[in-house]
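A.B. asks: Model the following, please.
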Amino acid sequence: MASKKKPQPRMLFADKDGQIYDHPDLLLLCRRGDEFGLPRPDEIIPLPEESEFFMLPGRHAMGYNAESGSVEVMEDLAVAAFACPAHTVTGVSAYESDEDAPALPLLSYAAIGYADGRFWICAKKVDEDQRQVFSKIAPDRVEAGAHQLMKDFPANRLVSHLAGCALTHGCPAAKNLALGRFECPLPTAQTCNARCVGCISEQPEDSGFPSPQCRIKFRPTPEEIVQIMQRHESRERRPIFSFGQGCEGEPLMEAELIAEAVKSYRDEGGTGTVNINTNGSRPQTLPALKLAGVNSLRISLNSTRKDLYEAYYRPVNYAWEDVRETIRRAHEVGMFVSLNLLFFPGVTDTEEEFDSIVELGEETRFDFIQLRNLNMDPELYMNLAKPFVNGPSMGFNNFRKRLRKALPWIKFGYFNPYLG
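C.D. replies: Have a look, this model is predicted:
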């Protein structure tokens, strides 16, 4: 049976009062790098549940006039969507900015249109895991779970911090801890050895956009960490524990603390996947971490090319070569190795970037690629990336298909997998 042909969505725009409309004549445009074009039919999907709409201040909606074959810019504001977790953006919102347009918050900005009575977004679902779907969970369950944790561990500062993340900031990882399911967050590090342009926990005052999360302000003890791990294991059959959260710096700066806590947890019979989300800056810490019981490493990067990586991460006292060595050594010591590849259409899915990822995979034999979104004002990121981008976008689906062929052992997803 032939699949139903996908429609060509019409452009959305917003008036000064915030009302959103679909244009009767102009078609949806999307942006990939510095290219503007119609969405590819295989890279749009109906708007997923729990996604969000945004009006883009100081940015004017752009659409395609099929009759005249021209692009038209409106006075009205552009609209974008934030795709809910497990979805990777395949094309960002197309717009024309005023000179004084304010910087956008640290989110992704997918192109979104309307057709056949529904909204369509430029994104693809890359993971079936439901760990950040909360639509069928009453908020009072999260609240009750967070308060119960604080009641059961009144002296545990890390419990209080994470309960606050769940109740005040709506952090999905902290909410899952309160619910006793899926992945348990374990922030530890107050400091960082990178100055990422898109850091979500610490931004300079003149950056133009605030940090959406507050960095942890204390060093937890091994006992505080182990208490949380044991509590989570008692409630979740397939527990995952992750050091390296949005509310902290670089966890490998606290490698000794993590090793001590994990060893204590494992020595007392603790099970599950113990993972570190890291920038991969300190390869020398890996043997001790593996010996303690850490069995998974996720290295975040926007690029596998030195110049573009360092332009975004702005490393302090380490370099891209250290990250490469961390990936290689993690595989060597027997850890499961994921790349947290911060995808940006028209930058990540170019021929040069593809070749670089394949070369890294062949050398280091990493296991998994998490296709997450690079959350940042698209124009700010393109200003940073443009000197390093050569050639057109091959498109998200083609990019992923070619990676599967070139690195056939690699698995793809969005979340840290449970290692059974």
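A.B. asks: Please count neighbours and contacts with C-alpha atoms only from this point.
C.D. replies: Fine.
A.B. asks: Can you give me the domain boundaries for this protein?
C.D. replies: Here the domain parsing of the chain from automatic domain parsing is 10-125, 141-413.
A.B. asks: any idea whether the residue lying closest to Leu162 once chain neighbours are set aside is helix, strand or coil?
C.D. replies: Nearest residue to Leu162 in three dimensions, chain neighbours excluded: Ala174, at 5.6 Å (CA to CA, 6 or more residues apart in numbering). State at Ala174, reduced to three classes by DSSP: H, G, I helix; E, B strand; the rest coil: helix.
A.B. asks: I figured Ala174 hits Phe182, correct?
C.D. replies: No - with contact defined as CA atoms under 8 Å, Ala174 does not count as touching Phe182 (10.6 Å).
A.B. asks: what about these two, which has more around it?
C.D. replies: Ala174 (26 against 22; other CA atoms under 10 Å).
A.B. asks: Model confidence at the more buried one, what's the number?
C.D. replies: pLDDT for Ala174: 96.
A.B. asks: residues contacting it?
C.D. replies: Taking CA atoms under 8 Å, 6 or more residues apart in numbering, we find Ala174 in contact with 162-163, 165-166, 184-185.
A.B. asks: and these, which of them are in strands?
C.D. replies: 184-185 (DSSP state E).
A.B. asks: Just the buried residues of the contacts of Ala174.
C.D. replies: 162-163, 165-166, 184-185 (16 or more other CA atoms under 10 Å).
A.B. asks: any chance of these in a markdown table, with distance to Tyr64 and pLDDT too?
C.D. replies: Formatted as a markdown table, the buried ones among the contacts of Ala174 follow (distance: CA to CA, whole Å; pLDDT from 0 to 100):
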| residue | distance to Tyr64 | pLDDT |
| --- | --- | --- |
| Leu162 | 46 | 97 |
| Ala163 | 47 | 96 |
| Cys165 | 42 | 93 |
| Ala166 | 42 | 94 |
| Cys184 | 45 | 98 |
| Pro185 | 44 | 98 |
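A.B. asks: any idea which element the closest residue to Arg372 other than its chain neighbours lies in?
C.D. replies: If the residues on either side of it in the chain are set aside, Arg372 comes closest to Leu342, at 5.2 Å by CA to CA, 6+ apart. Assigned by DSSP states H and E, Leu342 belongs to strand 336-343.
A.B. asks: now could you export just the CA positions of that strand as CSV?
C.D. replies: Coordinates of each C-alpha in strand 336-343 appear next as CSV, following Å, rounded to 0.1, in the frame of the first residue of the first chain:
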residue,chain,number,x,y,z
PHE,A,336,30.3,2.1,26.2
VAL,A,337,31.0,5.4,24.3
SER,A,338,28.4,7.7,23.0
LEU,A,339,28.8,11.0,21.1
ASN,A,340,26.3,13.6,22.0
LEU,A,341,26.4,15.2,18.6
LEU,A,342,24.8,18.7,18.8
PHE,A,343,23.2,18.7,15.4
